[in-house]
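Engineer: have a look at this prediction, sequence included:
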Amino acid sequence: MEKEITLDFLVLGVQKAGTTSLHDMLARHSDIALPATKETHFFSHADRAAHGIEWYLDQFKDEGISRLKGEIDPEYLYSPTAPDTIRRLTTVAKFVVILRHPLDRAFSHYQMSLRRGYERLPFGEALAREQERLAVDRPEFALDHYSYASRSLYAKQIGRFLETFPDAAFLFIRSGSLSGSGYEQVCDFIGTRPVLHSGNAALRSNSASQPRSRLLRDLLYAPRGKSALRILLVKAIPPQVKQRIFHWLDQKNQKAADLDRRQAYDGVPKPLLSSFLKDLRQTEEMTGLDLADWRNDIENELAHGA
């Protein structure tokens, strides 16, 4: 089958590692076209793929004569089917993967689910019950909102893409570097010049937050099909406009939360910490990154309270 989607690059993830910040940075480039619908999930979610290729191509129609076309979507790395779909439908041969300390990534993901009202368990218990939750009959919701540890085990996810795209170019960077040289590395890799100075390319804060209004939170994040506000917006407003409204309302409804990171980490199951440690060693071999500081942190967690 002839490839029908011309893409110059994809940023594959990971979730909660600065992909939104990178999107905002690259969106300032006049020679880069990004989809009107941020994170289309077109190559990872069947309901989005059902819109058809023309729908995906339409996401770029308002981008003028931009020289480079790409997308930033952290679902693609996690999806087991995305690599084959991307290979079958697109021309892309450059991939960026941003990694974050696995335990911090998992905790940030947990904070997001907590703030949205999807999570009720303490962090350690949520991690201990993750596989049980992901094995439910209808796992789509759980995969989105309870996959704290599985999204932080990077080697298998990266391996799928390396195997599917053996001749492609990959750039692996750590999330913290985006506020410095990482941004310039990404620009150089995809073939453009940076329009921001390193000092201005700041990451969005991942500080803990909680809703000011639980009523508004529940209107925004009730499960699909149960939110009257969501149903109204879906019917009345184009997807990209709806997304901006949801984001604005969500941001306005946040206030700082006092979550004890140390106490939360004390409850992390030791076998999971060992899995993180093993995975980091494999990830280092695959990516060439030095992750010794992350490994040392995990080792300290394993020793803590032993």
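Structural biologist: Arrived safely, thanks for sending. Given the structure is predicted, the values throughout are model-derived calculations rather than measurements.

Engineer: what about the residue lying closest to L121 once chain neighbours are set aside, how many residues nearby?
Structural biologist: With sequence-adjacent residues excluded and distances taken as CB to CB, 6 or more residues apart in numbering, L121 is closest to R129, at 6.8 Å. Heads up, the C-betas are built off the backbone N, CA and C, glycines and all. Burial of R129 is recorded as 12 neighbouring residues (other CB atoms under 10 Å).

Engineer: tell me which other helices or strands the host helix or strand of L171 touches.
Structural biologist: In this assignment (DSSP states H and E), L171 forms part of strand 169-174. If you count contacts as 3 or more CB pairs under 8 Å, 6 or more residues apart in numbering; DSSP states H and E, strand 169-174 packs onto strand 94-99, helix 154-164, helix 181-190.

Engineer: mean confidence for it?
Structural biologist: When pLDDT is averaged over strand 169-174, the result is 98.

Engineer: what's the angle between that strand and helix 154-164?
Structural biologist: Computed with axes from the mean of the first three to the mean of the last three CA atoms, to 10 degrees, the direction of strand 169-174 lies at 170 degrees from that of helix 154-164.

Engineer: can you dump the C-alpha coordinates of strand 169-174 into CSV?
Structural biologist: What follows is strand 169-174, C-alpha atoms only, in CSV (Å, rounded to 0.1, in the frame of the first residue of the first chain):
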residue,chain,number,x,y,z
ALA,A,169,17.0,8.1,12.9
PHE,A,170,16.2,8.4,16.6
LEU,A,171,17.0,11.2,19.1
PHE,A,172,16.7,10.3,22.8
ILE,A,173,16.9,13.1,25.3
ARG,A,174,16.1,13.6,29.0
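
Engineer: buried residues in that strand?
Structural biologist: Applying a neighbour-count criterion of 16 or more other CB atoms under 10 Å, the buried positions in strand 169-174 are F170, L171, F172, I173, R174.

Engineer: repeat that for stretch 47-65.
Structural biologist: Taking 16+ other CB under 10 Å as the criterion, stretch 47-65 shows R48, A49, Y56, Q59, F60 as buried.

Engineer: contacting residues around that stretch?
Structural biologist: Residues from elsewhere that reach stretch 47-65 (CB atoms under 8 Å, 6 or more residues apart in numbering): 4-5, 30, 33-37, 40-43, 69, 85, 89.

Engineer: low pLDDT regions in the stretch 1-150 of the chain?
Structural biologist: 1-2, 62-64, 137-138 (pLDDT under 70).

Engineer: show me where it has helices.
Structural biologist: 19-26, 46-49, 53-58, 75-78, 82-89, 102-115, 123-128, 130-134, 140-145 (DSSP state H, counting those that start in this stretch).

Engineer: show me what the longest one packs onto, helices and strands only.
Structural biologist: In this case it means helix 102-115. Against helix 102-115 (3+ CB pairs under 8 Å, 6+ apart) you get helix 123-128, strand 209-211, helix 261-266, helix 270-287, helix 292-303.

Engineer: in a markdown table, list those along with mean neighbour count and distance to R193.
Structural biologist: Listed next are the helices and strands packed on helix 102-115 as a markdown table, based on neighbours: other CB atoms under 10 Å; distance: least, CB to CB, whole Å:
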| stretch | mean neighbour count | distance to R193 |
| --- | --- | --- |
| helix 123-128 | 19 | 42 |
| strand 209-211 | 19 | 35 |
| helix 261-266 | 14 | 38 |
| helix 270-287 | 17 | 25 |
| helix 292-303 | 15 | 31 |
